[in-house]
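>>> Output the structure for:
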Amino acid sequence: MAACSAIPIGDLLDRASQHSDKLHSLSTMLSQELDSHFPPIGRVIMPRPAMCHTSALPTPNDKEQALRVSESDLLSLARSLLQAWADPLLVLSTSANTLPHPGQSRISNKIQELREQSKSLGAGLDILSGKMGPDARTVSALPYGGGNDLGQDKMSKLINFNFLLSCFRRDSHKIDSFLKVLRCRAATTDPQLC
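You can find the predicted model right below:
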């Protein structure tokens, strides 16, 4: 921890951005893997993104909006989103072992990798928030109320797993975008160039 305090914020943001990019890439690969054997009817009955447990957190919808948010608030939003996924990633991890999908083993391994990347990124963001002041340390609680069981039958398990993963993919994209804006701001004297 002491060694990390000597590292410049720009370098910490570079590392965090690399981790968030890896996190989003992994979630995208997982989504594609699931989609390869997802029944068409599942897409019709899958809940909409507005039903994700993190939807209650007001976040910028695009880059222009993100550029108008302060650095400490962007980091706080990224940390809030990431922390909101600790329990759901555990649910995905335990559910992946019984997922009725031909790529179940690969999916299970990638979910485990997602959890590890998420923890690593969280630790890095904690260090960053300590350097950026009290506003960056604020975390909004976004409790996951979905429970540990994604369903009893194969279709329910697949649909609920896919839905939860699609929510994570959406949020990992937001986290990655926020951190890229922060990294750009740290690297340039003109934030409008970001």
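>>> got the buried residues for the helix ranked longest in the chain?
Across the chain, the longest stretch assigned as helix under DSSP state H is helix 154-187. By neighbour count with 16 or more other C-beta atoms under 10 Å, helix 154-187 contains the buried residues 157-172, 174-183, 185-186. In this view, the C-beta of every residue, glycine as well, is placed from N, C-alpha and C.
>>> Find the centremost residue of the chain, please.
Nearest residue to the geometric centre of the chain (C-alpha atoms, centre = their mean): Ser172, 3.0 Å.
>>> lowest-confidence helix or strand of the protein?
helix 2-5 (a mean of 50; mean pLDDT, DSSP states H and E).
>>> Tell me the spacing between Phe161 and Thr94.
Distance of Phe161 to Thr94, given as C-beta to C-beta, to the nearest Å: 11 Å.
>>> show me where pLDDT drops low in the protein?
1-6, 41-44, 189-192 (pLDDT under 70).
>>> hmm, 90 instead?
The chain contains residues with pLDDT under 90 at 1-12, 32-50, 61-67, 97-104, 130-138, 141-143, 145-159, 184-194.
>>> mind listing the helices for it?
2-5, 9-35, 40-45, 63-67, 71-83, 86-96, 104-132, 134-137, 154-187.
>>> Make a markdown table from those and add distance to Tyr144 to it.
Below are these laid out as a markdown table (distance: least, C-beta to C-beta, whole Å):
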| stretch | distance to Tyr144 |
| --- | --- |
| helix 2-5 | 29 |
| helix 9-35 | 16 |
| helix 40-45 | 21 |
| helix 63-67 | 25 |
| helix 71-83 | 11 |
| helix 86-96 | 5 |
| helix 104-132 | 14 |
| helix 134-137 | 22 |
| helix 154-187 | 9 |
